[in-house]
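Novice: let me see the structure of the following:
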Amino acid sequence: MDSLDQQKYNEFRKKRVKLLKRLIILVIGFFVVMPNIMCIILFAKLNKTNKTLENIYSKISILENIKTEQMANLNADADTDDASSLTKDVVLKVQTDAEEYAGYKRIYLTFDDGPSNNTNAILDVLDEYNAKATFFVIAKNGYEEEYNRIINDGHTLGLHSYSHVYKDVYSDEMGFKNDVNRIYDFVENVTGVTPKFYRFPGGSSNTIYKSDKNELFDYLDEMNLTYVDWNVASNDSTYGGLSANQIANNVLNGVEGLDDCVILMHDANDKSSTVEALRIIISSLQCEDNVIFLPITDNTIRVKHISK
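Specialist: Down below sits the predicted model:
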């Protein structure tokens, strides 16, 4: 082999070796990078799946809450078939609102689940019409002004559990007590006011708590907390939402024939229609001469779905 052929052969070998090195690097790179890419893809899919599951669980929780509340509403409807049944749970030997405001239709607007981004709007409407109401709140950081404005505007601030998570609130007797203590301390620390009223998530007739509810009633007594249900449902928590007119019609139809009307509504970020309905409800009822809007106090006749 002459020198020229040897040179060409050497160049060929160099190119071949270089090509093989590149192939080896590409193969190694593929097996190093590909698992990472697959992990990223799987992580993204897993994250998407988790979000989907969280959304499903959230919807299930909402539906469970709605179902529980609807069952409580049925109990409320049964109570209101006989308006005189409202007096069977009077527990205070004082002058009642029924005596002080005899001849009036007494309207108790109550708002569960707040505070929220709609709290101030609700308070603005109440202030505009000089109407008083009751707010059964849960614990939320960042709403200190709203908690205090409720009280400063002359409304009643009641308790509605710390988190409103049924599986925690109604896990067992101790779980319920811990939840009550946490929301009690939270509200007292934020406002400086000692709470006096409580509303069970889902109402006292909820079917979530499987043990003897007298245990829960007894503990509320120990805490000097009076629980209050409702006898008029706005159904503003219906899944998918109702229009303001539908909510208002539910309330206006529900108060017919009742002297003491404890109305269930909700104060939540997705309840803007409730704020709009509130204006319709108050303006419609204030057209009547014998209607008064009151906060729940020691003098209010107790509406309870289940009694001790």
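
Novice: residue 158 - that's part of a helix, no?
Specialist: No - read with DSSP: H, G, I helix; E, B strand; the rest coil, residue 158 is strand and lies in no helix.

Novice: pLDDT (mean, whole number) over stretch 264-272?
Specialist: Mean per-residue pLDDT for stretch 264-272: 95.

Novice: using CSV, write out every CA atom in that stretch.
Specialist: C-alpha atoms of stretch 264-272 as CSV (Å, rounded to 0.1, in the frame of the first residue of the first chain):
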residue,chain,number,x,y,z
LEU,A,264,-80.9,30.4,55.7
MET,A,265,-78.6,32.2,53.2
HIS,A,266,-74.9,32.0,52.5
ASP,A,267,-72.0,34.4,52.5
ALA,A,268,-69.4,32.9,50.1
ASN,A,269,-67.2,34.1,47.3
ASP,A,270,-69.4,32.4,44.7
LYS,A,271,-72.7,33.8,46.1
SER,A,272,-72.9,37.2,44.3
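
Novice: what's that stretch in contact with?
Specialist: With CB atoms under 8 Å, 6 or more residues apart in numbering as the test, stretch 264-272 has contacts from 69, 73, 76, 109-119, 121-122, 135, 230, 232-234, 236-237, 241, 247, 251, 274, 277-278. C-beta here means a position set from N, CA and C on the backbone, and glycine is covered the same way.

Novice: among the residues you listed, which lie within strands?
Specialist: Secondary structure defined by DSSP state E assigns 109-114, 135, 232-233 of the contacts of stretch 264-272 to strands.

Novice: for those, which two are the farthest from each other?
Specialist: 114 and 232 (18.6 Å; CB to CB).

Novice: so how do I select the buried members of the contacts of stretch 264-272 in ChimeraX?
Specialist: Buried members of those, defined by 16 or more other CB atoms under 10 Å, are picked up in ChimeraX with:
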select :69,73,76,109,110,111,112,113,114,115,116,118,119,121,122,135,230,232,233,234,236,237,247,251,274,277,278
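
Novice: how about the helices of the stretch 51-200 of the chain, start to end?
Specialist: 97-100, 119-128, 144-152, 166-169, 173-191 (DSSP state H, counting those that start in this stretch).

Novice: what about the first one, average pLDDT?
Specialist: When pLDDT is averaged over helix 97-100, the result is 92.

Novice: which outside residues touch it?
Specialist: With CB under 8 Å, 6+ apart as the criterion, helix 97-100 contacts 87, 106, 259-260, 294, 297, 299-301.

Novice: likewise the second one?
Specialist: Residues from elsewhere that reach helix 119-128 (CB under 8 Å, 6+ apart): 109, 111, 114, 132-133, 135, 143, 146, 149-150, 153, 155, 267, 272, 274-275, 278-279, 282, 293.

Novice: which stretches of the stretch 201-308 of the chain have low pLDDT?
Specialist: Scanning the stretch 201-308 of the chain for pLDDT under 70 picks out nothing.

Novice: swap that for the stretch 1-150 of the chain, sorry
Specialist: 1-14, 17, 29-31, 33, 46-95.

Novice: how about 90 then?
Specialist: 1-96 (pLDDT under 90).

Novice: re earlier: now, among the ones in strands among the contacts of stretch 264-272, which is nearest to residue 165?
Specialist: Closest approach between these and residue 165, by CB to CB: residue 113, at 12.1 Å.

Novice: residue 197 versus the closest one, what's the distance?
Specialist: 15 Å (CB to CB, to the nearest Å).

Novice: count of neighbours near residue 231?
Specialist: Look at residue 231: counted by other CB atoms under 10 Å, it has 26 neighbours.

Novice: typo on my end, residue 249
Specialist: Number of residues near residue 249 (other CB under 10 Å) recorded here: 18.
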